[in-house]
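Chemist: just need the structure, nothing else, for what follows:
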Amino acid sequence: MAATIPSPSNGVWHLGSVPIRGYALCIILGIIAAIWIGERRWVARGGRPGDVQDIAIWAVPFGIVGARLYHVATDWQRYFGDGQNPVTALYVWRGGLGIWGGVALGAVGAYVGCRAKGIKFLPMADTLAPGVLIAQALGRWGNWFNQELYGRPTDLPWGLEIDRDHWPTECDYPKGSGTCTFEVGTTFHPTFLYECLWNIGAFALVIYLERRFKLGFGRVMAVYVMAYTLGRGWIEYLRIDDVQLENVLGLRFNVWTSIILFTAAAIYFVVSSKRHPGREESVFRDGAVAVPADGAVADATDEPDADGTSDVTSETAEVPEASGDLSTED
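Modeler: Predicted structure coming up:
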């Protein structure tokens, strides 16, 4: 037992009457990290400082709503089944955010923000994708605080201790039993840790491939989807928590989601590479140039230096303000 991973005895602390929840802190930390990484990448790509923060004002609320909707839709009996209180579907702080709903609706929010600021959506999506992986890696530790979404029992040295009152009540383990049967002292696969480490590795891979092949036109986002779903598929297979829409043709619902999204991203990557090789010449819909904080002008087509910054000239130019018109050019 000395080699196992303990779970927190408490995931909520109080400052007076204000609850501070470990789950929420992990989500917030992930959002901050994603914005920080995205901001640095966007400026290096030729964008204006502050653009990513402005886009986040749209993307983050949309993403949280989408993540919650996906979770509730795939586990609806927990909230709308017999004897359940539907109001608890609004209790986001208790856990339960589906990444695919968050990415999908978050992308919608980012698209709205990009249109309003005269920014091309695909370069912004490529800029944000690696940071999203780090946000997911940090956010997964919220599951550790909540003692949720762990895997099947294991006797590996890194087995995760789970308090008995957090054991699943509806699952099929051992297979065919129709119940959950565990012995005292059972430890479980720490799937939150597996996914955290996988996401960090995927982040490094995405950055490498982007720089090696100068990916653009949404292909960085496609690599992100492929890298993440490849890991999510086998990690999901380890989990034993009850999901109502599972075991579709013998596989959990989220495994099928990973397979479908991986295939769609791979097809997009191939088609995009043939139609739009290289990367965008400008990240702005109106061809504007980026103005760094020091007032110098950086051409949006400049490549980042080794230190992650763009070459800038001493010339000055007037940057047209984003008109916000909803033209069809992206």
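Chemist: strands of this protein, start to end?
Modeler: Along the chain, the stretches classed as strands by DSSP state E are 12-15, 18-21, 160-161, 187-188.
Chemist: all helices for the stretch 201-330 of the chain, in order.
Modeler: 219-238, 253-275 (DSSP state H, counting those that start in this stretch).
Chemist: out of those, flag the one nearest A33.
Modeler: Shortest distance between A33 and these, using Cβ to Cβ, is found for helix 219-238: 15.1 Å. Every C-beta, even on glycine, is put in place using the N, C-alpha and C of the backbone.
Chemist: give me the distance from that closest one to the chain's centre.
Modeler: Averaging C-alpha positions (Cα atoms, centre = their mean, to the nearest Å) puts helix 219-238 11 Å from its chain's average.
Chemist: which strands and helices sit next to it?
Modeler: Contact here means 3 or more Cβ pairs under 8 Å, 6 or more residues apart in numbering; DSSP states H and E; on that basis helix 219-238 packs against helix 121-139, helix 191-213, helix 253-275.
Chemist: what comes up buried for that helix?
Modeler: 219-229, 231-233, 235-236 (16 or more other Cβ atoms under 10 Å).
Chemist: picking that back up, just the strands of the chain: most buried one?
Modeler: The highest mean neighbour count among the strands of the chain, using mean count of other Cβ atoms under 10 Å, belongs to strand 187-188: a mean of 24.
Chemist: so what touches that strand?
Modeler: 4-5, 150-156, 159-162, 240 (Cβ atoms under 8 Å, 6 or more residues apart in numbering).
Chemist: which stretch among the strands of the chain comes nearest E281?
Modeler: E281 sits nearest to strand 18-21 of all the strands of the chain, at 45.2 Å, using Cβ to Cβ.
Chemist: against T4, how distant is the residue lying closest to A3 once chain neighbours are set aside?
Modeler: For A3, ignoring the flanking residues on the chain, the nearest one in space by Cβ to Cβ, 6 or more residues apart in numbering is P157 at 4.1 Å. Remark: distance between P157 and T4 (Cβ to Cβ, to the nearest Å) = 7 Å.
Chemist: so which of these two has more stuff around it?
Modeler: Comparing P157 with T4 by other Cβ atoms under 10 Å, the one with more neighbours is T4, at 18 against 10.
Chemist: wait, the more buried one sits on L160?
Modeler: Yes. Counting by Cβ atoms under 8 Å, L160 is a contact partner of T4 at 7.0 Å.
Chemist: list the contacts of the lowest-mean-pLDDT helix or strand in the chain.
Modeler: Sorting the helices and strands of the chain by mean pLDDT, DSSP states H and E puts helix 77-80 at the bottom, at a mean of 82. With contact meaning Cβ under 8 Å, 6+ apart, helix 77-80 is reached by V72, Q84, N85, P86, T88, A89, Q244.
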